[in-house]
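Enquirer: Here you go, sequence then predicted model.
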Amino acid sequence: MERSCIKRQVLAFFLCLNILCLEMCESLKTKLVPKGSKEYFLLNLHSGNLILKDTIDREVLCGQNVPCILFSEIVLENPLVLHGIEVEVEDVNDNIPKFSKMEFLFEISEHIPTKTRFPLEKAEDLDKGENNVQNYTLTPNEHFKLEVQTHTDGSKYAELILEKALDREMIPQITLILQAVDGGFPRRTGVVQIIIDILDANDNVPHFEQSVYKVQLVENSPPGLLVTKIAASDGDKDAYVHITYTFSHVPGNVLRSFNLNNHTGEITLVGKIDYEENSKYELNIKATDGGGMSAYCKVQVDIEDENDNAPEIILSSVINPIPEVSPPGRVVALFGVRDQDSGYNSRTICNIDSNLPFILKYTKNNNSQLVTQQPLDREQMSQYNITIITTNQGSPSLTSMRIITIDISDVNDNPPEFEISFYDFHLRKNNIPSLLIGLIHAIDLDAEQNPASSYISINSETGNLAVDKGSPPLSSETMVRVLITDLPSHPFFCFLSWCLLQPSFRSKRSS
């Protein structure tokens, strides 16, 4: 609920997910990822409670959209699991209905017929549902009654209806008080004064060709575009026949977006039209002749959505680095796609390079997973820069991309290799101890701790070998022949068997 106290418990998360051991939370590297620009919640890792971090104003957060939902995600790592959270913000009655002016002025001819209707400007209330304006009341009087009507968007407005004929000579002016009352608790009320000046007789009232004009307009249409033209006629002559067109009690967003030519009735576009901000407009038009007689019509403008928003990739979590022995199907990253357009324009498709050892898998709530599809080999590729491309289905389609970097960590999966399979050294007998006989070279493709190696010989009696730093240790063998000569004596051959555990990159040497 909006305006709730900070630190208030919102949700017992672990109870909802049936996680029995809260102690596992830290080992799972649990984190809360908001899907908006501001974080409203905190996750208590010890109790599993979702705590309100900041005050929520539903009107600032969602405007007139219903329902108002805050989206977050709980990400559990090791293994990587995503759980979506939707928190609906309930409205409270914290806004008073307001009129745009302190008073409304009407000029009405004394000869206007009874049952004539005069639409009044609706009161604006930022609250929604029952907390919005639900009724209007009018001070009791003998000439006018009030009737409450409903716009196509569900909002309420009032109309004055003339019940008793006017007589300027008897009553030249009438003052009324209009109240707008919302349905919240406690109820809140907005007030405006209505002043009606009674004009002298004008025999004919202007008449519109249509009571309601309906227009469809594509968003992002250029300023100056002719939206429609309204027309009213009057049977009077001379000064009374000149008709002036004006907006009648329209909200500010209409005045910022549309212009009405007072003489021709042409309505043109002057501001930016964005479907994501307003999908429809209602323009109340007043036609007044030279004698002060007025008629009213309504122009309904429906905005058609255009594919003017590129999709956005929202990254929830990435596991980096991952070991090269990761099995196919391991989740590496979680992300979602958001497109502010509507309908078909908001549908998206994500792709990555098909030559990579990764694929995309779609989950519910428009989320996706980046998973491994084949074994990895750090010695062939130690890092991947994966470009995720998302395209919506609008016409023309719009595309955005995001690069995810994945490092591959090494495991001891390559045995060391000698440069040659057989070493042949010459040595004259009776040499001093510790004399350098020759050099043995080996290489290992692994990195970090895995290539740290030892050159050892096999103990012919026990068979014991030295153990290197790899896990599990890997080894290779080569044959070393030492030729011992003593001229002119016959040469003597000595064969040594050498075993190598994880040689380094040409840096470790032994004799």
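Expert: Sure thing, it's come through.
Enquirer: give me the low-pLDDT residue ranges for the stretch 401-511 of the chain?
Expert: Along the stretch 401-511 of the chain, the parts satisfying pLDDT under 70 run over 412-414, 444-472, 474, 486-511.
Enquirer: ranges for the helices of the stretch 251-400 of the chain?
Expert: Using DSSP state H, counting those that start in this stretch, the helices assigned to the stretch 251-400 of the chain run over residues 252-257.
Enquirer: Would you map the strands across it?
Expert: Remark: strands assigned in the stretch 251-400 of the chain by DSSP state E, counting those that start in this stretch are 258-260, 266-269, 280-288, 294-304, 312-318, 322-323, 331-338, 348-351, 358-362, 367-372, 383-392, 399-409.
Enquirer: Determine how far the third one lies from the middle of the whole chain.
Expert: Between the mean C-alpha point of strand 280-288 and the mean C-alpha point of its chain there is a distance of 35 Å (CA atoms, centre = their mean, to the nearest Å).
Enquirer: same question for that strand, mean pLDDT?
Expert: Strand 280-288 comes out with an average pLDDT of 92.
Enquirer: from here on, count from 51
Expert: Noted, 51 is the first residue going forward, which turns the last one into strand 330-338.
Enquirer: Residue 180: what secondary structure?
Expert: Secondary structure for residue 180, judged by DSSP: H, G, I helix; E, B strand; the rest coil, is helix.
Enquirer: Tell me which residues touch it, please.
Expert: Residue 180 makes contacts with 232-234, as judged by CB atoms under 8 Å, 6 or more residues apart in numbering. In this view, the C-beta of every residue, glycine as well, is placed from N, C-alpha and C.
Enquirer: By neighbours, which of those wins?
Expert: residue 232 (25 neighbours; other CB atoms under 10 Å).
Enquirer: where along the stretch 51-200 of the chain do the strands fall?
Expert: 59-62, 81-84, 91-93, 99-102, 119-126, 131-138, 153-159, 167-169, 183-188, 194-200.
Enquirer: what's the closest non-adjacent residue to residue 475?
Expert: Among residues not flanking residue 475 along the chain, residue 488 sits closest, at 4.0 Å (CB to CB, 6 or more residues apart in numbering).
Enquirer: and the one you found, that's in a helix?
Expert: No: read with three-state DSSP, residue 488 is coil and lies in no helix.
Enquirer: Look up how far residue 152 lies from it.
Expert: With the distance defined as CB to CB, to the nearest Å, residue 488 ends up 105 Å from residue 152.
Enquirer: So between these two, which is more surrounded?
Expert: Taking neighbours as other CB under 10 Å, residue 488 and residue 152 compare with residue 488 leading, 13 against 8.
Enquirer: Can you say which of the strands of the stretch 301-450 of the chain is nearest to residue 97?
Expert: Distance to residue 97, taken as CB to CB, is lowest for strand 362-368 among the strands of the stretch 301-450 of the chain, at 22.3 Å.
Enquirer: How confident was the prediction at the closest residue to residue 88 other than its chain neighbours?
Expert: Leaving out its chain neighbours, the residue that sits closest to residue 88 by CB to CB, 6+ apart is residue 104, at 7.2 Å. Residue 104 carries a pLDDT value of 80.
Enquirer: Settle this for me: residue 104 is touching residue 92, isn't it.
Expert: No: with contacts counted by CB atoms under 8 Å, residue 104 stays clear of residue 92, the gap being 9.6 Å.
Enquirer: Figure out how far stretch 472-490 is from the centre of its chain.
Expert: 72 Å.
Enquirer: neighbours of residue 527, just the number please.
Expert: Residues lying near residue 527 (other CB under 10 Å) number 11.
Enquirer: Give me the buried positions along the host helix or strand of it.
Expert: Per DSSP states H and E: residue 527 is located in strand 525-535. Within strand 525-535, the residues that count as buried by 16 or more other CB atoms under 10 Å are 525-526, 528, 530, 532, 534.
Enquirer: Pipe the contacts of residue 180 into TSV and attach distance to residue 124, pLDDT and secondary structure per row.
Expert: Converted to TSV, the contacts of residue 180 look like this (distance: CB to CB, whole Å; pLDDT from 0 to 100; DSSP: H, G, I helix; E, B strand; the rest coil):
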residue	distance to residue 124	pLDDT	secondary structure
232	37	92	strand
233	36	90	coil
234	34	89	coil
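Enquirer: Could you please name the strands the strand holding residue 527 pairs with and the direction of each pair?
Expert: Strand 525-535 pairs in its sheet with strand 472-478 (parallel), strand 542-551 (antiparallel), by DSSP bridges.
Enquirer: mind checking how far it is from the chain centre?
Expert: Chain-centre distance of strand 525-535: 67 Å, with CA atoms, centre = their mean.
Enquirer: now swap in stretch 241-259 and tell me
Expert: With CA atoms, centre = their mean, you get 50 Å for stretch 241-259.
Enquirer: How much space separates residue 237 from residue 182?
Expert: Here the distance between residue 237 and residue 182 works out to 12 Å (CB to CB).
Enquirer: okay, those two: which has more neighbours?
Expert: residue 182 (23 against 13).
Enquirer: can I assume that one is in contact with residue 233?
Expert: Yes: counting by CB under 8 Å, residue 182 does reach residue 233; the two are 7.2 Å apart.
Enquirer: that older thread, make JSON lines out of the contacts of residue 180 and add distance to residue 443.
Expert: Output for these, formatted as JSON lines (distance: CB to CB, whole Å):
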{"residue": "232", "distance to residue 443": "41"}
{"residue": "233", "distance to residue 443": "41"}
{"residue": "234", "distance to residue 443": "41"}
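Enquirer: Closest one of those to residue 468?
Expert: Proximity of the contacts of residue 180 to residue 468 (CB to CB) peaks at residue 234, which lies at 84.9 Å.
Enquirer: And the pLDDT at the closest residue to the closest one other than its chain neighbours?
Expert: Of all residues not flanking residue 234 in the chain, residue 143 sits nearest, at 2.5 Å (CB to CB, 6+ apart). At residue 143, the model reports a pLDDT of 85.
Enquirer: which ones are touching residue 143?
Expert: Listed by CB under 8 Å, 6+ apart, the contact partners of residue 143 are 177, 181, 232, 234-238.
Enquirer: Quick one: mean pLDDT over stretch 422-442.
Expert: Mean per-residue pLDDT for stretch 422-442: 88.
Enquirer: Next, the buried residues of that stretch.
Expert: For stretch 422-442, the buried set under the neighbour-count rule, 16+ other CB under 10 Å, comprises 422, 426, 428, 434, 436, 438, 440-442.
Enquirer: centre of the chain versus that stretch, how much separation?
Expert: With CA atoms, centre = their mean, you get 25 Å for stretch 422-442.
Enquirer: Pull it out as PDB, backbone CA atoms only.
Expert: Once non-C-alpha atoms are left out, stretch 422-442 reads as follows in PDB (Å, rounded to 0.1, in the frame of the first residue of the first chain):
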ATOM      1  CA  THR A 422      25.900 -23.900 -22.200                       C
ATOM      2  CA  GLN A 423      25.100 -26.300 -25.100                       C
ATOM      3  CA  GLN A 424      28.400 -28.100 -25.500                       C
ATOM      4  CA  PRO A 425      31.700 -28.800 -23.500                       C
ATOM      5  CA  LEU A 426      34.000 -25.800 -23.100                       C
ATOM      6  CA  ASP A 427      37.800 -25.900 -23.600                       C
ATOM      7  CA  ARG A 428      39.800 -23.000 -22.000                       C
ATOM      8  CA  GLU A 429      42.900 -23.900 -24.000                       C
ATOM      9  CA  GLN A 430      41.000 -23.200 -27.200                       C
ATOM     10  CA  MET A 431      39.000 -20.100 -26.000                       C
ATOM     11  CA  SER A 432      39.500 -18.600 -22.500                       C
ATOM     12  CA  GLN A 433      37.000 -15.800 -22.800                       C
ATOM     13  CA  TYR A 434      33.700 -15.200 -24.700                       C
ATOM     14  CA  ASN A 435      32.200 -11.800 -25.500                       C
ATOM     15  CA  ILE A 436      28.600 -12.800 -26.200                       C
ATOM     16  CA  THR A 437      26.400 -10.200 -28.000                       C
ATOM     17  CA  ILE A 438      22.700 -10.600 -27.200                       C
ATOM     18  CA  ILE A 439      20.600  -9.000 -29.900                       C
ATOM     19  CA  THR A 440      16.900  -8.400 -29.300                       C
ATOM     20  CA  THR A 441      14.500  -7.300 -32.000                       C
ATOM     21  CA  ASN A 442      10.800  -6.300 -31.700                       C
END
